[in-house]
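Novice: Predicted model and sequence below, questions to follow.
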Amino acid sequence: YVALEKKKKAGLTGVAMDAMRPSAPAKLKSVGTEMYRERLKTLVPRQADLSLQQISDNFQNKAKDMDNKKGQMQLVEQQKAKKLQEEKKIKDMEKKVVERRRQHEIMAKIQAAIIQIPKPLPQHTMQAIEAQKLLRKKREAESTYTEIRKFEQQMRKEISMHTLAKLNDSMLQMVLETKDMDASAPGVTQ
């Protein structure tokens, strides 16, 4: 301390004092200190390096946490989206089921309203057509027969009236002739 105080009073700086030292011990000291410093750095880390490493680790941990949270959020969003799609799909399926039920109900009502007539077999159809033709011919024959009967009856009436009229005329003429004869020959009969 005393030697340093003397040098301080002399006004020498640390650089000037190093310059006054002999070069060999100074070089040896600088090389030794350099080696010592390097070895010291490897053996005992500096506080600044430790603090920097700690800060770096903290940020890396935070980055990992952020990545994990981001991954979880994406996973949750994907699950929500998938769940929404499944719900939408289920709703669509339910709507389709309801629509099918309505269509079936409507079709059932329509089918219930329509009277279904079974188609007759072809043989029965031909027989039925023949029977209808025969029935039509019979009706026509009956109507013709009744018309002929009516006509004959009417003709009989007309003939009988005409004959009566002729008979009346002829009888009237005979009566008149007999009266004329009676008038022309009055004495013969009496």
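Specialist: Noted; the coordinates are in hand.

Novice: Which of the helices and strands in this structure ranks last by mean pLDDT?
Specialist: Every helix and strand of the chain was ranked by mean pLDDT, DSSP states H and E. The lowest is helix 186-189, at a mean of 49.

Novice: tell me the helices in this structure, going along the chain?
Specialist: Secondary structure of the chain, counting by DSSP state H: helices at 2-10, 14-20, 23-43, 47-113, 122-184, 186-189.

Novice: Throw these into a markdown table and include mean neighbour count, thanks.
Specialist: Every residue, glycine included, has its C-beta placed from N, CA and C. A markdown table is the format used below for the helices of the chain (neighbours: other C-beta atoms under 10 Å):
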| stretch | mean neighbour count |
| --- | --- |
| helix 2-10 | 9 |
| helix 14-20 | 10 |
| helix 23-43 | 10 |
| helix 47-113 | 10 |
| helix 122-184 | 10 |
| helix 186-189 | 7 |
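
Novice: Out of those helices, which gets the lowest mean score?
Specialist: The stretch with the lowest mean pLDDT among the helices of the chain is helix 186-189, at a mean of 49.

Novice: ok, the most centrally placed residue in the chain - contacts?
Specialist: For the chain, the residue nearest the mean C-alpha position is K96 (5.8 Å; C-alpha atoms, centre = their mean). Applying C-beta atoms under 8 Å, 6 or more residues apart in numbering to K96 gives no contacts.

Novice: do you know how far it is from Q103?
Specialist: Per C-beta to C-beta, to the nearest Å, K96 is found 10 Å from Q103.

Novice: Next: D65.
Specialist: Counting by C-beta to C-beta, the gap from D65 to Q103 is 56 Å.
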